[in-house]
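Asker: Got a sequence here, can you build the structure:
(2 chains)
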Protein chains: 2
Amino acid sequence: MTERQIDWAPLLAPRAAAIHASVYPKFGALPEHPDVINFKGGAPAAECLPIAHLRHSICRAWQVEPGVLYYEESEGFLGLRELIAARMARRGAPVSPGEVLVTNGSQQGLELIAKLLLEPGDRVVVEGPTYFGALQIFDIYQATYDVVPMDQDGIDPVALEAALKREPRPKLIYLIPTFQNPAGVSLSPERRRAVIDLSHRYNVPIVEDDPYGELWFERDLGPLRALDPDVLYLGTFSKTLAPALRMGWLAAPPELMQRFIDAKESVDIQSDRVLQRAVAEAAGGGWLDQHLEQVRPIYRSRRDHLLARLAEEMPPGTRWTLPGGGFFVWVTLPGGMSADALLHRAAAEGVQYYAGSSFYPDTCQRPTFRLGFSTLPEERISEGLARLGRVARDIG
Amino acid sequence: MTERQIDWAPLLAPRAAAIHASVYPKFGALPEHPDVINFKGGAPAAECLPIAHLRHSICRAWQVEPGVLYYEESEGFLGLRELIAARMARRGAPVSPGEVLVTNGSQQGLELIAKLLLEPGDRVVVEGPTYFGALQIFDIYQATYDVVPMDQDGIDPVALEAALKREPRPKLIYLIPTFQNPAGVSLSPERRRAVIDLSHRYNVPIVEDDPYGELWFERDLGPLRALDPDVLYLGTFSKTLAPALRMGWLAAPPELMQRFIDAKESVDIQSDRVLQRAVAEAAGGGWLDQHLEQVRPIYRSRRDHLLARLAEEMPPGTRWTLPGGGFFVWVTLPGGMSADALLHRAAAEGVQYYAGSSFYPDTCQRPTFRLGFSTLPEERISEGLARLGRVARDIG
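Answerer: Residues are numbered from 1 along each chain as shown, chains lettered A, B, ... in the order given. Here you go, the predicted model:
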């Protein structure tokens, strides 16, 4: 065998420098602790994972004809696309199975959208704060950002219009309108209409990332896609069934579908065909609806518990959002206290969260952070908030 | 719901125009026939798919702890990477598990390589002919091509050097050195050494795509990666277990691994973690070696049968390659007869293949075509060649 001789550095494309992990410590490694209470989670509770049901569905689906084990159907299994289309229709967003592409989680759907639309230097409108996995993709496509602020009603339409007006116009408006990650807020009905009007007026399409929409606590707000058939909609079974399935979908206007299907074929030919049949079987026949009815109260109770403990434990002046669903509460510390600095102190006491800095494309320290409550039993939430409150009061 | 109002055409990135299906009729749709004998296949025979064994492994693997259903391990399951590393070492290419990234088939590995290295206008050296799925990816990254001819010993080093010399230099040399798709030839030992020397001299790395290397008929030629640790190696279980698993891997130099892992995270976070455990279990303990010992004689016998029938049925002057493994024979028609024209006539008689034009980045008609023999029982090969020979003699 020869020695390594290739000098790789001059061969890398400019985008290689923009490839990075989705979350990484922007401000140094955290101290260790023997009993970490982890508010970083963005996944279903372990006790809400329908492992036995999925196992049963997968073992059944593996009673396959050989044909199913071959290459075909880059667009995905028709039975699964029909199920997805029916579920979207029930949530007010009728799409045909032909407008649905099965993807490896919504992450892959977003990557395909970037592939179709983004050139280096293109501007992308994102909510401030936004999902770090989206920034990870847009970074690789060498996008620049218009970070538009949010409040309890979601993204601010006035600031959005200011961003859309500037030439050259942004290419995309990337939104998580419902139970937003990380902010836990939802776009109000009035603003949904306003945002769609702006999208049309300035010809800047909306990407709706909707992983949490079905995990509502009081009522289904419906997808933004229900109001606008131009919306590029990203759905997933990662939060309703299990993340490891890597099963999601992209719903897009018909004139774009062939390009998305061909792009999917180019990146990995197809998603696992047997698993698609298993998910269609697992979710079908009303099973997923029943499952959601069982898990919603669990997450709602954890949210309630977290909100109550925040009120008791955090220093005066601390503010937080009131999520109507999903997995996250967004906390703002008083007096401009840095959530990164607090995180280092909290980690030493065995509490971890994602600081607000993880959810912006810059490297500023911020007084905000995300608390994920989905994976933590109530006594762990209590213990975690007791520790966190102690540290925060101590600094403040 | 509003009407569709977005005008998509001006929003698409330039690369969108280069997104296309991997194979598509370059010269019109084919006539139908009630009994098609399909030589297009590039997948295992149905009777070689270990369905019961895979089903068993998958059902076992699904006895999971909840932790396995979460996000983690973008690099892939360590147990599977260890198995892959051990198998590569036994074929003469020692790599550590840390140099292996699990991908959704080798297609995704190639996409990640393009992501790291290719800018629009970059030159890529490919064999003429080459795998159409690779062209599909490189096209989207807006590469240009140096198509270097092959003979029975693989790519021509003199022509390769001429391509590498020209400035600006190519970024990649993409090779399928063993039982090449579509040509069925293998790079000779002398040329392996010559190609590696050229790669080092001109600092142009080699991508080795090796889906068929373990499906040898007489002896294992080993991977090119065994001779050169700079080679970016693509492996897959698609041909040895089943295509639908979408399980492959990329082995790369350590200094590139973190970028590849982060890029994998950005495109779909991780490959199915339970399925990775199932494949590790299915392939481990010597089972895959036994399986390969069982299937090699089946494919070898089909190759022998196809070669014998070619000699009997095709018009004088027809030439073909003698594959030492894999799934394909490459046929050259006499007198410059167009394999695309023949395909239209053959399809009317119920025989289909991929014409040579599918394996080049241009749209020229050629006298060459690929016959895939892996999925066809011997009597179907006989019947197919009888029909094909009749049509070819008729035209010729």
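Asker: just checking, residue A:139 is part of a strand?
Answerer: No: with DSSP: H, G, I helix; E, B strand; the rest coil as the criterion, residue A:139 is located in helix rather than a strand.
Asker: What's the separation between it and chain B?
Answerer: Applying CB to the nearest CB, to the nearest Å, the value for residue A:139 to chain B is 8 Å. C-betas here are computed from N, CA, C, even on glycine.
Asker: Wait, that residue touches residue A:16, no?
Answerer: No: here residue A:139 does not reach residue A:16: they are 11.3 Å apart, not a contact under CB atoms under 8 Å.
Asker: per-residue confidence at the one residue in the stretch 251-396 of chain A that gets nearest to chain B?
Answerer: Residue of the stretch 251-396 of chain A nearest chain B, by CB to the nearest CB: residue A:268 (3.9 Å). pLDDT for residue A:268: 96.
Asker: Can you name the residues that contact it?
Answerer: Residues near residue A:268 by CB atoms under 8 Å, 6 or more residues apart in numbering or on different chains: A:104, B:103-105, B:107-108, B:111, B:246, B:268.
Asker: And residue A:318, by the same measure?
Answerer: Contact criterion CB under 8 Å, 6+ apart gives A:310, A:331-334, A:392 as the residues in contact with residue A:318.
Asker: now those residues as JSON lines including neighbour count, distance to residue A:171 and pLDDT?
Answerer: Below are these laid out as JSON lines (neighbours: other CB atoms under 10 Å in any protein chain shown; distance: CB to CB, whole Å; pLDDT from 0 to 100):
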{"residue": "A:310", "neighbour count": "19", "distance to residue A:171": "38", "pLDDT": "98"}
{"residue": "A:331", "neighbour count": "25", "distance to residue A:171": "32", "pLDDT": "98"}
{"residue": "A:332", "neighbour count": "17", "distance to residue A:171": "31", "pLDDT": "98"}
{"residue": "A:333", "neighbour count": "23", "distance to residue A:171": "34", "pLDDT": "97"}
{"residue": "A:334", "neighbour count": "14", "distance to residue A:171": "38", "pLDDT": "96"}
{"residue": "A:392", "neighbour count": "22", "distance to residue A:171": "40", "pLDDT": "96"}
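Asker: Pipe these into a markdown table and attach secondary structure and distance to chain B per row.
Answerer: As requested, those are arranged in a markdown table below (DSSP: H, G, I helix; E, B strand; the rest coil; distance: CB to the nearest CB, whole Å):
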| residue | secondary structure | distance to chain B |
| --- | --- | --- |
| A:310 | helix | 25 |
| A:331 | strand | 23 |
| A:332 | strand | 27 |
| A:333 | coil | 27 |
| A:334 | helix | 32 |
| A:392 | helix | 28 |
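Asker: Closest one to residue A:195 out of the residues you listed, please.
Answerer: The closest of the contacts of residue A:318 to residue A:195 turns out to be residue A:332 (CB to CB; 23.5 Å).
Asker: mind listing what the closest one touches?
Answerer: Taking CB under 8 Å, 6+ apart as the test, what residue A:332 contacts is A:318-320, A:367-368.
Asker: List the ones among the residues you listed that fall in strands.
Answerer: Judged by DSSP state E, those include A:319-320, A:368 as members of strands.
Asker: List buried residues within the residues you listed.
Answerer: With neighbours counted using 16 or more other CB atoms under 10 Å in any protein chain shown, these contain these buried positions: A:320, A:368.
Asker: sorry, back to before: and the contacts of residue A:268, which of them are in strands?
Answerer: Among the contacts of residue A:268, the ones falling in strands (DSSP E) are residue B:103.
Asker: Give me the distance between residue A:230 and chain B.
Answerer: Counting by CB to the nearest CB - residue A:230 and chain B are separated by 4 Å.
Asker: Could you pull up phi and psi at the nearest residue to that residue once chain neighbours are set aside?
Answerer: Nearest residue to residue A:230, sequence neighbours excluded (CB to CB, 6 or more residues apart in numbering or on different chains): residue B:6, at 4.1 Å. Dihedral angles of residue B:6 (phi, psi; degrees, to the nearest 10) stand at phi -70, psi 130.
Asker: Check residue A:325 too.
Answerer: Torsion angles, degrees, to the nearest 10, at residue A:325: phi 170, psi -180.
Asker: circling back: out of the contacts of residue A:318, name the two that are farthest from one another.
Answerer: Farthest pair in these (CB to CB) is A:310 and A:334. Separation: 12.6 Å.
Asker: Where does the prediction get shaky in chain A?
Answerer: Counting by pLDDT under 70, the ranges of chain A that qualify are A:25.
Asker: one more time with 90
Answerer: Scanning chain A for pLDDT under 90 picks out A:1-3, A:22-29, A:64-65, A:67, A:70-73, A:336, A:363, A:395-396.
Asker: need the residues of the stretch 251-396 of chain A near chain B, please.
Answerer: A:253, A:255-256, A:259, A:262-263, A:265-275 (CB under 8 Å from any CB of the partner chain).
Asker: Return a ChimeraX selection command for the buried portion of these.
Answerer: Buried residues within those, by 16+ other CB under 10 Å, are selected in ChimeraX with:
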select /A:253,256,259,262,263,265,266,267,268,269,270,271,272,273,274,275
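Asker: Which of the residues of the stretch 251-396 of chain A next to chain B fall in helices?
Answerer: Taking DSSP state H, the ones among these that sit in helices are A:255-256, A:259, A:262-263, A:265-268, A:273-275.
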